[in-house]
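**Student:** what follows is a predicted protein model with its sequence.
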Amino acid sequence: MDWAEAQTGFLTGDRAKDARNVAILLDTIADVSGNPDLDSLFRSVVDKAIAVASAERGLLLLRDNDGGALEVRVSRDKEGRPLHKEVKYSTSIPKKVFQSGQAETLMDAAGGGDIALGQSILDLRLVSVMCAPLKTADETIGVLYVDSKASAKGFTKGDLELFTTLASQCALAIQNGHLVAAYLERQRLQHDLHVARGIQQGMLPRKTIERPRVEIAGYNRPCEETGGDYFDYIPMPERRIGVVIGDVSGHGIGAALYMATARALLRAFTYKVADPAEVLGEVNRFLERDMPSGSFMTLFFGEVNTKTGALRYASAGHNPMILFRKSSGTFEELGNTGPGLGILPDIAYKTGETPPLGRGDILLLYTDGLPEAMTPDKELFGEERMKTLLAGLQERSPEEIVQQLVRAATEWTKSDVFEDDLTLVVVKGT
């Protein structure tokens with residue numbers, strides 16, 4: 001049977017009946033094209049299938065998510081009323097049609113013999129049954145089913161052809177509906193992520209800050225909509241200012257939530273606790289309770305006394321921070337004073353100290369997205385290149401140093417898209 005014959009095989013020569021069937025088919029096509037609500041569409045198709053076949057009941061069954069059993073999505077009677085949730089029907093015929101991909105029509109089914117395909121037909125005393133597959137170009141996704149106990153009604157070949165055409169239109173609608181639903185879900189998720197990114201970025205300092213003896217600038221660019229990197233400047237008592245940079249394991253929403261939690265804890269404890277090591281100990285105590293196994297956060301917390309330039313710090317498993325001394329042209333590294341946050345309870349961190357920041361000294365805080373930025377050939381940007389750039393930028397402002405480092409890393413990767421979050425802070429003595 002060619003395409004044209006398949007689409008017109010339901011025509012009988014009876015003008016009144018053919019006009020009615022064509023009207024039903026056109027109405028179904030219009031419904032398919034204009035109804036974005038699949039559940040509403042399913043009900044409409046079942047009602048039309050019952051009308052076409054002059055049947056008593058109709059069901060639409062779809063394959064479950066595991067790709068195995070058929071599940072009833074809609075079941076209705078000829079009055080358009082939903083049937084009982086545990087509706088009984090011939091399970092053998094839908095199963096056969098689903099597996100074969102071929103429509104079936106049975107007459108005098110309750111009479112037994114070769115056409116009585118299952119005991120359920122006899123138990124339900126069904127006389128007429130018709131079932132057609134819901135087929136897309138690639139697969140069968142379900143079946144459309146009607147039945148009747150009325151002996152006066154017999155399904156014709158034309159009924160089956162029209163019924164099969166209805167099923168084909170319904171399958172197309174389901175496929176399109178799933179594509180539309182998936183697209184809308186992606187759009188909703190993208191919107192939610194965009195909102196989340198705005199909230200997260202709003203938590204980060206937006207401007208360079210200037211205090212006596214020190215000027216500070218920072219930068220953050222997540223590799224996804226949201227990320228686990230963050231930085232912060234925290235005003236503290238006794239003319240001190242806290243400088244923080246952190247990196248939560250992983251990316252995305254989960255990492256961003258832990259970042260926000262750590263930020264809130266740090267800001268709370270810096271007002272209560274004077275020592276950097278004790279601050280990290282308190283933050284770790286709370287994070288360790290909540291972070292799942294395998295998750296952790298590295299974090300560097302330093303405090304600068306804006307009266308003396310003294311720098312104290314504690315580092316929870318973070319990369320060594322780089323301190324450039326202008327007077328000598330040398331570099332120092334501020335290493336770990338304890339493990340990452342959220343791994344073990346009751347960790348006793350240590351506080352490190354350095355000589356006061358002098359005029360032109362530069363402290364670079366960064367996450368691993370900077371040294372691990374790679375060329376297309378997988379060559380790392382590396383810490384030595386960072387130091388060379390830092391020494392060459394010693395006369396620039398913190399904001400300019402940040403911009404130049406980001407530009408250099410972007411040129412190194414030959415891409416605006418990094419494989420990891422990129423975050424850095426520059427603290428310069430003034």
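**Tutor:** Structure received. Numbering: from 1, shown residues only.
**Student:** when you work out contacts or count neighbours from here on, use the C-alpha atoms and nothing else.
**Tutor:** Fine.
**Student:** helices along this protein, start to end?
**Tutor:** 3-8, 15-34, 38-53, 92-100, 119-124, 157-202, 252-269, 276-290, 383-392, 398-413 (DSSP state H).
**Student:** what's the burial count for the spatially closest residue to residue 207 that is not a sequence neighbour?
**Tutor:** Leaving aside its chain neighbours, residue 207 sits nearest to residue 217 (7.0 Å; criterion: Cα to Cα, 6 or more residues apart in numbering). Close neighbours of residue 217, defined as other Cα atoms under 10 Å, add up to 24.
**Student:** contacting residues around residue 217?
**Tutor:** 207, 208, 209, 398, 399, 402, 425, 426, 427 (Cα atoms under 8 Å, 6 or more residues apart in numbering).
**Student:** how near is it to residue 305?
**Tutor:** Separation of residue 217 from residue 305 (Cα to Cα, to the nearest Å) stands at 17 Å.
**Student:** in JSON lines: the helices of the chain, plus distance to residue 145 and mean pLDDT.
**Tutor:** Listed next are the helices of the chain as JSON lines, based on distance: least, Cα to Cα, whole Å; pLDDT from 0 to 100:
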{"stretch": "helix 3-8", "distance to residue 145": "19", "mean pLDDT": "45"}
{"stretch": "helix 15-34", "distance to residue 145": "16", "mean pLDDT": "63"}
{"stretch": "helix 38-53", "distance to residue 145": "8", "mean pLDDT": "86"}
{"stretch": "helix 92-100", "distance to residue 145": "7", "mean pLDDT": "91"}
{"stretch": "helix 119-124", "distance to residue 145": "13", "mean pLDDT": "57"}
{"stretch": "helix 157-202", "distance to residue 145": "9", "mean pLDDT": "76"}
{"stretch": "helix 252-269", "distance to residue 145": "44", "mean pLDDT": "83"}
{"stretch": "helix 276-290", "distance to residue 145": "51", "mean pLDDT": "91"}
{"stretch": "helix 383-392", "distance to residue 145": "68", "mean pLDDT": "92"}
{"stretch": "helix 398-413", "distance to residue 145": "59", "mean pLDDT": "92"}
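**Student:** residue 223 is nearest to which of these?
**Tutor:** helix 252-269 (8.8 Å; Cα to Cα).
**Student:** wait, isn't residue 77 in contact with residue 56?
**Tutor:** Yes - at 5.7 Å, residue 77 counts as touching residue 56 under the criterion of Cα atoms under 8 Å.
**Student:** quick check: neighbours shared by these two?
**Tutor:** residue 50.
**Student:** wait, isn't residue 276 in contact with residue 313?
**Tutor:** Yes - the criterion here is Cα under 8 Å, and residue 276 meets it with residue 313 at 5.8 Å.
**Student:** anything in contact with each of these two?
**Tutor:** By Cα under 8 Å, 6+ apart, the residues touching both residue 276 and residue 313 are 301, 302, 303, 351.
**Student:** now the two most distant members of these.
**Tutor:** 303 and 351 (10.6 Å).
**Student:** quote the end-to-end distance of stretch 136-145.
**Tutor:** 17 Å.
**Student:** and it, how far from the chain's centre?
**Tutor:** Put simply, stretch 136-145 sits 28 Å off its chain's centre (Cα atoms, centre = their mean, to the nearest Å).
**Student:** show me which of residue 303 and residue 351 is the more surrounded one.
**Tutor:** residue 303 (25 against 19).
**Student:** is that one bridged to anything, and to what?
**Tutor:** residue 242, residue 312 (DSSP bridges).
**Student:** in contact with it, which residues?
**Tutor:** Here residue 303 is in contact with 240, 241, 242, 243, 276, 311, 312, 313 (Cα under 8 Å, 6+ apart).
**Student:** and what of residue 390?
**Tutor:** 324, 401.
**Student:** separation between it and residue 331?
**Tutor:** Counting by Cα to Cα - residue 390 and residue 331 are separated by 10 Å.
**Student:** what's the overlap in contacts for the two?
**Tutor:** Going by Cα under 8 Å, 6+ apart, residues that sit against residue 390 and also against residue 331 are residue 324.
**Student:** need the pLDDT of the closest residue to residue 220 other than its chain neighbours.
**Tutor:** Closest residue to residue 220 apart from its sequence neighbours, by Cα to Cα, 6+ apart: residue 423 at 4.3 Å. Residue 423 carries a pLDDT score of 90 in this model.
**Student:** residue 371 is in contact with residue 423, correct?
**Tutor:** No - using Cα under 8 Å, residue 423 is not in contact with residue 371, being 10.8 Å away.
**Student:** tell me which of these two has more neighbours.
**Tutor:** Neighbours per residue (other Cα under 10 Å) separate residue 423 from residue 371, with residue 423 holding more: 24 against 18.
**Student:** tell me which residues touch that one, please.
**Tutor:** Residue 423 touches 218, 219, 220, 221, 229, 230, 231, 245, 366, 367, 369, 370, counting by Cα under 8 Å, 6+ apart.
**Student:** from those, pick the one nearest residue 267.
**Tutor:** residue 231 (11.9 Å).
**Student:** I'd say the closest one and residue 218 touch.
**Tutor:** Yes - when contacts are counted by Cα under 8 Å, residue 231 is listed as touching residue 218 (7.3 Å).
**Student:** what touches both of the two?
**Tutor:** With Cα under 8 Å, 6+ apart, residue 231 and residue 218 have common neighbours 205, 423, 424, 425.
**Student:** what's the closest of those to residue 361?
**Tutor:** residue 425 (13.8 Å).
**Student:** how many residues are close by that closest one?
**Tutor:** 26.
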